[in-house]
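S.K.: Next comes the sequence, and after it the predicted model I'd like to discuss.
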Amino acid sequence: SQTIHQWPATLVQPVGSPLSLECTVEGTSNPNLYWYRQAAGRGLQLLFYSVGIGQISSEVPQNLSASRPQDRQFILSSKKLLLSDSGFYLCAWNRQGVNEQFFGPGTRLTVL
Amino acid sequence: KQEVTQIPAALSVPEGENLVLNCSFTDSAIYNLQWFRQDPGKGLTSLLLIQSSQREQTSGRLNASLDKSSGRSTLYIAASQPGDSATYLCAVTGTYKYIFGTGTRLKVLA
């Protein structure tokens, strides 16, 4: 069976500090991978998606970047965090050609 | 641009009631529609996936229908229980992208 992991579960960072959130998927190969942000009281905002190693599509120009160094690893990064980067970050995956999406447990980021 | 709306935003019902959650979308050119459940502070759990060629899907006490021509989907929950309390989100899918509604927050009272 497939499993998706995210870490850390929670993170408190000062403004201007760097960020690295990691997501890994087990039990499948060549998945599509996604990063979403969920702000309080708002819906899920798609940030990035990837259909393969090194292939990243950005949906919203912002302070964040994503990388996919390995087939089942997706990393969300920032060089300098802003207060507005606070939120709940969710990683998700689906099998190529199958549009059923599965989510990780999420990372709660608070920028102070 | 695809927009997804969920009504009502919040719902409170007594235990045992049957209830319907609504999801509407503006562009009928979708591949699938997926319903999720989200508990507070948790990730999303997939409930049902309806392929664009299907009209409905069932899983236990849950039944989801899809009417592409009218841009609507409903999630029917039978005999609601306190454990059903959560936020329910729908998402429509294109080639790669998923567009989510803002969810319906459901509270089932014991």
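M.R.: Arrived safely, thanks for sending.
S.K.: worst-scoring helix or strand of chain B, pLDDT-wise?
M.R.: Among the helices and strands of chain B, strand B:98-100 carries the lowest confidence by mean pLDDT, DSSP states H and E, at a mean of 92.
S.K.: and that strand, what other elements does it pack with?
M.R.: Identification of packing neighbours for strand B:98-100 by 3 or more Cβ pairs under 8 Å, 6 or more residues apart in numbering or on different chains; DSSP states H and E yields strand A:44-52, strand B:86-93. Where C-beta positions appear, they are placed from N, C-alpha and C, glycine not excepted.
S.K.: hmm, try it at 10 Å
M.R.: Applying 3 or more Cβ pairs under 10 Å, 6 or more residues apart in numbering or on different chains; DSSP states H and E, one finds that strand B:98-100 makes contact with strand A:32-38, strand A:44-52, strand B:4-7, strand B:32-38, strand B:86-93.
S.K.: quick check: angle from the second one to strand A:32-38?
M.R.: Going back to what we said before, that points to strand A:44-52. Orientation of strand A:44-52 against strand A:32-38 (axes from the mean of the first three to the mean of the last three Cα atoms, to 10 degrees) gives an angle of 160 degrees.
S.K.: Strand A:44-52 and chain B in contact?
M.R.: Yes. Under the criterion of Cβ under 10 Å from any Cβ of the partner chain, chain B is reached by strand A:44-52 at A:44, A:45, A:46, A:49, A:50, A:51.
S.K.: Spatially nearest residue to the third one (excluding sequence neighbours)?
M.R.: Spatial nearest neighbour of residue A:46, chain neighbours left out: residue A:59 (4.7 Å); criterion: Cβ to Cβ, 6 or more residues apart in numbering or on different chains.
S.K.: was I right about that neighbour contacting residue A:47?
M.R.: Yes. Between residue A:59 and residue A:47 there is a contact at 6.1 Å, judged by Cβ atoms under 10 Å.
S.K.: returning to what we had before: turn the residues of strand A:44-52 next to chain B into TSV, including pLDDT.
M.R.: What follows is the residues of strand A:44-52 next to chain B, written out as TSV (pLDDT from 0 to 100):
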residue	pLDDT
A:44	91
A:45	90
A:46	92
A:49	94
A:50	95
A:51	93
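S.K.: and the residues you listed, which are buried?
M.R.: Neighbour-count burial (16 or more other Cβ atoms under 10 Å in any protein chain shown) applied to the residues of strand A:44-52 next to chain B gives A:44, A:46, A:49, A:50.
S.K.: which of those residues lies closest to chain B?
M.R.: Top of the list for closeness to chain B, among these and by Cβ to the nearest Cβ, is residue A:44 at 4.3 Å.
S.K.: Need the pLDDT of residue 34.
M.R.: No chain was given, so I picked chain A. If you check residue A:34, the pLDDT there is 96.
S.K.: Hmm, no, I was thinking of chain B.
M.R.: On the pLDDT scale, residue B:34 gets 96.
S.K.: ok, it - how many residues close by?
M.R.: The number of residues packed near residue B:34 is 24, by other Cβ atoms under 10 Å in any protein chain shown.
S.K.: which residues does it contact?
M.R.: Shown in contact with residue B:34 (Cβ atoms under 10 Å, 6 or more residues apart in numbering or on different chains): A:94, A:99-101, B:44, B:46-50, B:57, B:64, B:73, B:89-93, B:98, B:100.
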